[in-house]
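>>> Dropping the sequence and predicted coords here.
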Amino acid sequence: RKLTRMQALFSRGAIRRTISGHHRTSIKARKLHESLINASNFRSELTNVITTNNTKDATELAWIIRSKKIQINPIDCSRFLRVLPLHEVVNLMEDMQVRPDQFLAEAILRKVTTDSPILYQMEKLGRGSIDGEIMKAYGKLMKYGDIIRVFSSLPMSAWKKLGQVSWMNVFSAYNRTNQPHEALAAWRKMEESGMEPDLYTSTVLVTSCRNAKSLIDLKNMHHKITHMKKQIDVGLLNTILSAYVHLNDLEPVLQVARDVKSGEHNLPAPNAQTWTIILSAMEQTGQIDLDLEVMEKIRASGVDPNIYHWNSVLNAFRNKGDLHSLKGAMAQMISVGITPNHVSKIILAYALVESNQLDAALDLYRQLRQEGPLPLPRGAYQAILRSCTDNALLDRGKGIHQDLILDGMETDEVMMPSLMDFYMRCGVVKEADILFQRWITSGKESSSDDAVWTIMIDGYGKNGMSSDVTRILEMMKEKGCMPSDQTVGVTMNAYSHAGKIEECQALFQNMRKLYGVIPNEKHQTIMIDALGRGNRMDEAEMLALQLNTPLAITTLLGACRIHKDAERARRLEEHILNIEEAGVYTLLANIYGAAKMEKDVERIHKLMARKGIKKIPGASWTEVDGKAHYFHANEGEHPGMEMVKQEMAILRQQLKEFGYQHDHTALTRHFESKEAAENHLCSHSEKLALAFALANTQKGVPIRITKNLRMCSDCHSAAKAISKIRDRTITVRDANRFHRFENGSCSCGDYF
């Protein structure tokens, strides 16, 4: 009876209160307490423990449950969470084999803030019932590998139990571990389970499509998103558009641009990022006019145009070659309170270079250096060095090289090859060689990128150093870098211009076997050039007519000029009637002129006039004291023209005494007298530039001249003679190659 009464008292908490405090420390009291707890009344004791928030009693109650193997459920464990540390509750669950339900799992996992064994214990206890909650917890801790491990172990039947958040965690984990294709495979599993991604999950999947470079999946996802009942937000729109830009499919972005410009669309209001993406697509394609009107559209959408938007407009004007509008846009940009940044000024620098305003471009470059910080963005160096390269301005380019050294940019992966190209195209092979050797010793030669090798091979070829072409090609193969189709092309071209026809043909026939390069139209055209230069005209004509492209026919026509084969040129006329390039008709007139076929020359000139085709005027320039001086054929606009005429008179007298005879085959029209013909030949732009350089430089100083067209035969012969008469090294870079005249001979071996 006493025991029954004590049990009743215990159930009401009386015993617990009686034996609490120091009385509980007695062994007798503790044993009495343990003996009274059983499966029917432990929950009442648990309630009392929770009420008093007594962790010590809760720990003891958990021990009693273990020792007596009392069966507990997830609700009991949830209650223990209120008074026991998290790890003790999970240990109790593990000892008593309690399988957590979703409510208990969420309650426990919500408390896990760091990586701990608790996650793995819960994963083991709840396998098959709380997989989604486990993956969510791993996601919170950025344990992406564990998310993938859990998901990969799930049977197909478990996929249906996963919610949107769980699937989103899976897709994100694959994206974060650089496995976008696996994310797309998981998307297909999601669809197999009967669930479609919502807008939030779709955002993650769009990123997967982008990273996997899967345009088909992106279009599929985009289609599904547009047919959802809920309207997409601007964040998802931006993610979709940027994915299309990344995958080079700009039409969907342009369609959004058209819709926004027209004002007829059901898209979310574009924000600043939306406009940045749209303007980038418009800028790349040029399909929609990117002008100041677009700035008004941006403002009308509630967005203030930022520096990125203005730079897109500036670059669009640059791409159109509209320097005037670019400067106007920059002025308007400043007027609305936006200061041009480095990118804005670099765009302007490129535009100035492309408009041949080299002094203004150089001034802007110096301004950028003064403003700092240094080093400047790579584009600033590229813009100004490109102008020096294109115009063979050696002194200015050397100054840029010094800036690159001072700014720590000389060994930059882009600038170092650009410097090699600059020196090669200025004919300073030694400097290019030095940079190339440094590039080799740096270990960068093992790169799969063959751009540097191509630059060096092309440079050696154009400077008439064909043996070095072969040496570099062999070195390239030794370093394990396979030549690309472009590298093979410049190598063939070098052999062709050096008269190494057999080597060129061997490379053409074996390029597929040796390098896996399939001969293309460019390679075939170079082969036509090589055969023509080697006077194997029948073979060249057969290949040209087989290819039957304007470039192939024009190349064969060039061989007809070299070998004075006017009859073959006449046969080719029917193939060039649809070509609207002045150079082709000028070449044909030169061939007929050299053969004294005056009526045919006149006929070609009339044909050009009827078609509105004008001959491209010859232009040459030379650099003296760091400044470029430009000369045009038959024009006297240069301020130093009187000095040029005086020097030219001296040269003509010296040439006459030397025994030089002008090459009248270089004339394209008939002159009434020999004197008039020779006056015309002496007014060619390269001769004017040479006379100016001779008059303004000291004896022994090398002279460098650049011409926009191919050097004519008379200027070539005259330059050889003048190099002997004046004891000067004269380098002329024409449209095809370099000519280095020394001591009466040319590096091209008269093979041009």
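Cool, the structure landed.
>>> mind listing the strands for the stretch 251-400 of the chain?
Per DSSP state E, counting those that start in this stretch, the stretch 251-400 of the chain carries no strands over any range.
>>> Return the list of helices and strands in contact with the helix or strand containing L104.
Using DSSP states H and E, L104 sits within helix 102-110. If contacts are counted by 3 or more Cβ pairs under 8 Å, 6 or more residues apart in numbering; DSSP states H and E, helix 102-110 sits against helix 74-80, helix 86-96, helix 117-125, helix 131-140. In this view, the C-beta of every residue, glycine as well, is placed from N, C-alpha and C.
>>> so where's the stretch 401-550 of the chain shaky on pLDDT?
444-449 (pLDDT under 70).
>>> actually the stretch 601-750 of the chain, not the one I typed
636, 668.
>>> cutoff 50 now
Of all residues in the stretch 601-750 of the chain, none has pLDDT under 50.
>>> what comes into contact with stretch 469-488?
445-448, 450, 453-454, 456-457, 460-461, 491, 494-495, 498, 503, 507, 511, 515-518, 520, 522-523 (Cβ atoms under 8 Å, 6 or more residues apart in numbering).
>>> Could you check the pLDDT of the closest residue to N178 other than its chain neighbours?
Here the nearest residue to N178 in space, its sequence neighbours aside, is N211; by Cβ to Cβ, 6 or more residues apart in numbering that works out to 7.6 Å. With respect to pLDDT, N211 scores 94.
>>> Do I have it right that N211 meets Y174?
No: with contacts counted by Cβ atoms under 8 Å, N211 stays clear of Y174, the gap being 9.3 Å.
>>> Tell me which of the two has more neighbours.
For N211 versus Y174, the count of surrounding residues by other Cβ atoms under 10 Å is larger for Y174: 26 against 18.
>>> contacting residues around that one?
Going by Cβ under 8 Å, 6+ apart, the list of residues near Y174 reads 148, 180, 182-183, 186, 208.
>>> Could you dump those into JSON lines and include pLDDT?
Conversion of these to JSON lines gives the following (pLDDT from 0 to 100):
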{"residue": "I148", "pLDDT": "92"}
{"residue": "P180", "pLDDT": "95"}
{"residue": "E182", "pLDDT": "95"}
{"residue": "A183", "pLDDT": "95"}
{"residue": "A186", "pLDDT": "94"}
{"residue": "S208", "pLDDT": "95"}
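>>> Redo these as JSON lines? Include distance to A677, secondary structure and neighbour count.
Output for the contacts of Y174, formatted as JSON lines (distance: Cβ to Cβ, whole Å; DSSP: H, G, I helix; E, B strand; the rest coil; neighbours: other Cβ atoms under 10 Å):
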{"residue": "I148", "distance to A677": "82", "secondary structure": "helix", "neighbour count": "22"}
{"residue": "P180", "distance to A677": "71", "secondary structure": "helix", "neighbour count": "21"}
{"residue": "E182", "distance to A677": "77", "secondary structure": "helix", "neighbour count": "20"}
{"residue": "A183", "distance to A677": "76", "secondary structure": "helix", "neighbour count": "25"}
{"residue": "A186", "distance to A677": "80", "secondary structure": "helix", "neighbour count": "22"}
{"residue": "S208", "distance to A677": "73", "secondary structure": "helix", "neighbour count": "26"}
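>>> Which residue ranges of the stretch 551-700 of the chain form helices?
566-576, 582-594, 598-611, 641-658, 674-681, 685-696 (DSSP state H, counting those that start in this stretch).
>>> again, but for the stretch 101-250 of the chain
102-110, 117-125, 131-140, 144-152, 156-159, 164-176, 180-192, 199-211, 215-226, 234-246.
>>> now the last one against helix 199-211, angle please.
Yep, that's helix 234-246 we're talking about. Here helix 234-246 runs at an angle of 10 degrees relative to helix 199-211 (axes from the mean of the first three to the mean of the last three Cα atoms, to 10 degrees).
>>> and helix 234-246, how far from the chain's centre?
19 Å (Cα atoms, centre = their mean, to the nearest Å).
>>> Check the fourth one too.
Going by Cα atoms, centre = their mean, the spacing between the C-alpha centre of helix 144-152 and its chain's C-alpha centre is 34 Å.
>>> go on, the second one?
Helix 117-125 has its C-alpha centroid displaced from the chain centroid by 46 Å (Cα atoms, centre = their mean).
>>> Mind giving me the packing neighbours of that helix?
helix 86-96, helix 102-110, helix 131-140.
>>> rerun at 6 Å
Judged by 3 or more Cβ pairs under 6 Å, 6 or more residues apart in numbering; DSSP states H and E, the packing partners of helix 117-125 are helix 86-96.
>>> buried stuff in the helix it packs on?
88-93, 96 (16 or more other Cβ atoms under 10 Å).
>>> which stretches of the stretch 1-150 of the chain aren't confidently modelled?
For the stretch 1-150 of the chain (pLDDT under 50), the answer is 1-29.
>>> same thing but 90
1-72, 74, 76-78, 80-143, 146-147, 149-150 (pLDDT under 90).
>>> so how many other residues sit close to the residue nearest to L404 when sequence neighbours are not counted?
Closest residue to L404 apart from its sequence neighbours, by Cβ to Cβ, 6+ apart: E410 at 4.5 Å. Using other Cβ under 10 Å, E410 is surrounded by 17 other residues.
>>> isn't E410 right up against H401?
No: here E410 does not reach H401: they are 7.2 Å apart, not a contact under Cβ atoms under 6 Å.
>>> Please save the CA atoms from stretch 313-331 in PDB.
Backbone C-alpha positions of stretch 313-331 (Å, rounded to 0.1, in the frame of the first residue of the first chain) are rendered in PDB as follows:
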ATOM      1  CA  VAL A 313      27.100  53.900 -76.300                       C
ATOM      2  CA  LEU A 314      30.600  55.200 -76.700                       C
ATOM      3  CA  ASN A 315      31.900  51.900 -77.900                       C
ATOM      4  CA  ALA A 316      29.000  51.600 -80.400                       C
ATOM      5  CA  PHE A 317      29.900  54.900 -82.000                       C
ATOM      6  CA  ARG A 318      33.600  53.700 -82.000                       C
ATOM      7  CA  ASN A 319      32.500  50.500 -83.900                       C
ATOM      8  CA  LYS A 320      30.700  52.600 -86.400                       C
ATOM      9  CA  GLY A 321      33.800  54.700 -86.900                       C
ATOM     10  CA  ASP A 322      31.800  57.800 -85.800                       C
ATOM     11  CA  LEU A 323      34.300  59.700 -83.800                       C
ATOM     12  CA  HIS A 324      32.300  62.900 -83.900                       C
ATOM     13  CA  SER A 325      29.200  61.300 -82.300                       C
ATOM     14  CA  LEU A 326      31.400  59.600 -79.800                       C
ATOM     15  CA  LYS A 327      32.900  62.900 -78.700                       C
ATOM     16  CA  GLY A 328      29.400  64.400 -78.600                       C
ATOM     17  CA  ALA A 329      28.100  61.500 -76.400                       C
ATOM     18  CA  MET A 330      31.000  61.900 -74.000                       C
ATOM     19  CA  ALA A 331      30.300  65.700 -73.700                       C
END
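>>> Can you tell me what sits against it?
283, 290, 344, 347, 350-351, 355 (Cβ atoms under 6 Å, 6 or more residues apart in numbering).
>>> ok, back up a step: just put the contacts of Y174 in TSV and tack on distance to G640.
As requested, the contacts of Y174 are exported to TSV (distance: Cβ to Cβ, whole Å):
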residue	distance to G640
I148	75
P180	64
E182	71
A183	69
A186	74
S208	66
